[in-house]
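**Student:** Fold the following, please.
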Amino acid sequence: MSDDNKKSEDLSDFKIDLNLLTYRLTAIENKIDTSLDTLSSKIDNMIKHYTETRSNQALASQSLSQLKDELNKIENRVVKLEAEVVNLKVTFAEKLAYGGIGGGAVAIMIEIVRKALEV
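**Tutor:** Numbers count the residues shown, from 1 in each chain. Purely as a prediction, here's the structure:
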(Lines give C-alpha, C1' and ligand atoms only; values in the text may rest on other atoms or scores of the structure.)
Protein backbone atom coordinates (compact mmCIF):
# COMPACT_ATOMS: atom_id res chain seq x y z
CA MET A 1 0.00 0.00 0.00
CA SER A 2 2.79 2.28 0.54
CA ASP A 3 3.51 2.11 -3.16
CA ASP A 4 -0.10 2.95 -3.86
CA ASN A 5 0.01 5.86 -1.39
CA LYS A 6 3.25 7.06 -2.82
CA LYS A 7 1.92 6.79 -6.38
CA SER A 8 -1.23 8.51 -5.27
CA GLU A 9 0.78 11.30 -3.61
CA ASP A 10 3.03 11.59 -6.65
CA LEU A 11 -0.03 11.74 -8.89
CA SER A 12 -1.64 14.31 -6.59
CA ASP A 13 1.57 16.39 -6.52
CA PHE A 14 1.78 16.09 -10.30
CA LYS A 15 -1.85 17.29 -10.66
CA ILE A 16 -1.13 20.20 -8.31
CA ASP A 17 1.99 21.12 -10.26
CA LEU A 18 0.10 20.76 -13.53
CA ASN A 19 -2.77 22.94 -12.25
CA LEU A 20 -0.28 25.53 -10.97
CA LEU A 21 1.52 25.51 -14.31
CA THR A 22 -1.81 25.83 -16.15
CA TYR A 23 -2.81 28.74 -13.90
CA ARG A 24 0.51 30.49 -14.44
CA LEU A 25 0.37 29.98 -18.20
CA THR A 26 -3.21 31.29 -18.25
CA ALA A 27 -2.17 34.33 -16.21
CA ILE A 28 0.77 34.93 -18.56
CA GLU A 29 -1.49 34.54 -21.59
CA ASN A 30 -4.00 37.03 -20.12
CA LYS A 31 -1.19 39.47 -19.35
CA ILE A 32 0.17 39.14 -22.91
CA ASP A 33 -3.34 39.65 -24.35
CA THR A 34 -3.83 42.75 -22.21
CA SER A 35 -0.40 44.07 -23.16
CA LEU A 36 -1.04 43.44 -26.86
CA ASP A 37 -4.42 45.17 -26.63
CA THR A 38 -2.78 48.15 -24.91
CA LEU A 39 0.02 48.22 -27.49
CA SER A 40 -2.47 47.98 -30.34
CA SER A 41 -4.50 50.83 -28.86
CA LYS A 42 -1.39 52.98 -28.49
CA ILE A 43 -0.36 52.27 -32.08
CA ASP A 44 -3.88 53.18 -33.28
CA ASN A 45 -3.70 56.44 -31.31
CA MET A 46 -0.28 57.23 -32.77
CA ILE A 47 -1.53 56.60 -36.31
CA LYS A 48 -4.60 58.76 -35.65
CA HIS A 49 -2.44 61.57 -34.23
CA TYR A 50 -0.02 61.30 -37.17
CA THR A 51 -2.91 61.47 -39.66
CA GLU A 52 -4.44 64.48 -37.90
CA THR A 53 -1.07 66.22 -37.80
CA ARG A 54 -0.49 65.60 -41.50
CA SER A 55 -3.97 66.90 -42.29
CA ASN A 56 -3.42 70.01 -40.17
CA GLN A 57 -0.05 70.58 -41.83
CA ALA A 58 -1.64 70.31 -45.28
CA LEU A 59 -4.34 72.80 -44.31
CA ALA A 60 -1.77 75.17 -42.81
CA SER A 61 0.36 74.91 -45.95
CA GLN A 62 -2.66 75.65 -48.14
CA SER A 63 -3.63 78.63 -45.96
CA LEU A 64 -0.05 79.92 -46.05
CA SER A 65 -0.01 79.65 -49.83
CA GLN A 66 -3.28 81.59 -50.07
CA LEU A 67 -1.95 84.23 -47.68
CA LYS A 68 1.21 84.59 -49.77
CA ASP A 69 -0.93 85.11 -52.88
CA GLU A 70 -3.03 87.72 -51.09
CA LEU A 71 0.10 89.45 -49.79
CA ASN A 72 1.54 89.60 -53.32
CA LYS A 73 -1.71 91.13 -54.58
CA ILE A 74 -1.66 93.71 -51.77
CA GLU A 75 2.00 94.55 -52.43
CA ASN A 76 1.25 95.04 -56.14
CA ARG A 77 -1.68 97.28 -55.29
CA VAL A 78 0.47 99.31 -52.89
CA VAL A 79 3.04 99.84 -55.64
CA LYS A 80 0.30 100.97 -58.06
CA LEU A 81 -1.22 103.28 -55.46
CA GLU A 82 2.19 104.80 -54.67
CA ALA A 83 2.70 105.47 -58.37
CA GLU A 84 -0.76 107.06 -58.58
CA VAL A 85 -0.04 109.26 -55.55
CA VAL A 86 3.23 110.44 -57.09
CA ASN A 87 1.41 111.13 -60.36
CA LEU A 88 -1.29 113.03 -58.48
CA LYS A 89 1.32 115.11 -56.63
CA VAL A 90 3.04 116.00 -59.91
CA THR A 91 -0.28 116.93 -61.53
CA PHE A 92 -1.29 119.00 -58.52
CA ALA A 93 2.09 120.76 -58.48
CA GLU A 94 1.77 121.51 -62.20
CA LYS A 95 -1.71 122.95 -61.70
CA LEU A 96 -0.49 125.02 -58.77
CA ALA A 97 2.37 126.32 -60.86
CA TYR A 98 0.09 127.21 -63.77
CA GLY A 99 -2.38 128.70 -61.32
CA GLY A 100 0.41 130.71 -59.71
CA ILE A 101 1.62 131.94 -63.07
CA GLY A 102 -1.93 132.77 -64.12
CA GLY A 103 -2.59 134.49 -60.79
CA GLY A 104 0.60 136.51 -61.15
CA ALA A 105 -0.35 137.50 -64.68
CA VAL A 106 -3.82 138.59 -63.52
CA ALA A 107 -2.28 140.55 -60.62
CA ILE A 108 0.08 142.30 -63.05
CA MET A 109 -2.82 143.15 -65.37
CA ILE A 110 -4.83 144.52 -62.48
CA GLU A 111 -1.90 146.69 -61.43
CA ILE A 112 -1.46 147.89 -65.00
CA VAL A 113 -5.17 148.73 -65.26
CA ARG A 114 -5.05 150.51 -61.86
CA LYS A 115 -2.05 152.54 -62.87
CA ALA A 116 -3.67 153.35 -66.17
CA LEU A 117 -6.82 154.53 -64.41
CA GLU A 118 -4.87 156.63 -61.93
CA VAL A 119 -3.14 158.62 -64.53
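**Student:** Spatially central residue in the protein, please.
**Tutor:** residue 60 (3.6 Å; C-alpha atoms, centre = their mean).
**Student:** Report the distance from the one helix or strand that one maps to to the chain centre.
**Tutor:** Per DSSP states H and E, residue 60 falls inside helix 2-118. With C-alpha atoms, centre = their mean, to the nearest Å as the basis, helix 2-118 stands 0 Å off its chain's centre.
**Student:** quick one: average pLDDT of that helix?
**Tutor:** The average pLDDT within helix 2-118 is 88.
**Student:** now for it, which elements pack on it?
**Tutor:** In terms of contacts (3 or more C-beta pairs under 8 Å, 6 or more residues apart in numbering; DSSP states H and E), helix 2-118 is not packed against any helix or strand. Quick note: C-beta positions are derived from backbone N, CA and C, even for glycine.
**Student:** how many neighbours does residue 38 have?
**Tutor:** For residue 38, the neighbour count with other C-beta atoms under 10 Å is 10.
**Student:** Repeat that for residue 11.
**Tutor:** By other C-beta under 10 Å, 10 other residues sit near residue 11.
**Student:** What separation is there between it and residue 18?
**Tutor:** Distance of residue 11 to residue 18, given as C-beta to C-beta, to the nearest Å: 10 Å.
**Student:** Could you do residue 43 as well?
**Tutor:** Taken as C-beta to C-beta, the span from residue 43 to residue 18 is 37 Å.
**Student:** How about residue 86?
**Tutor:** The spacing between residue 86 and residue 18, counted by C-beta to C-beta, is 100 Å.
**Student:** Could you report the neighbour count for residue 40?
**Tutor:** By other C-beta under 10 Å, 10 other residues sit near residue 40.
**Student:** how about it, what does it touch?
**Tutor:** By C-beta atoms under 8 Å, 6 or more residues apart in numbering, no residues touch residue 40.
**Student:** go on, residue 21?
**Tutor:** If you count contacts by C-beta under 8 Å, 6+ apart, residue 21 has none.
**Student:** and it, how far is that from residue 52?
**Tutor:** Using C-beta to C-beta, one obtains 46 Å as the distance from residue 21 to residue 52.
**Student:** what does residue 25 give?
**Tutor:** On the measure of C-beta to C-beta, residue 25 and residue 52 end up 40 Å apart.
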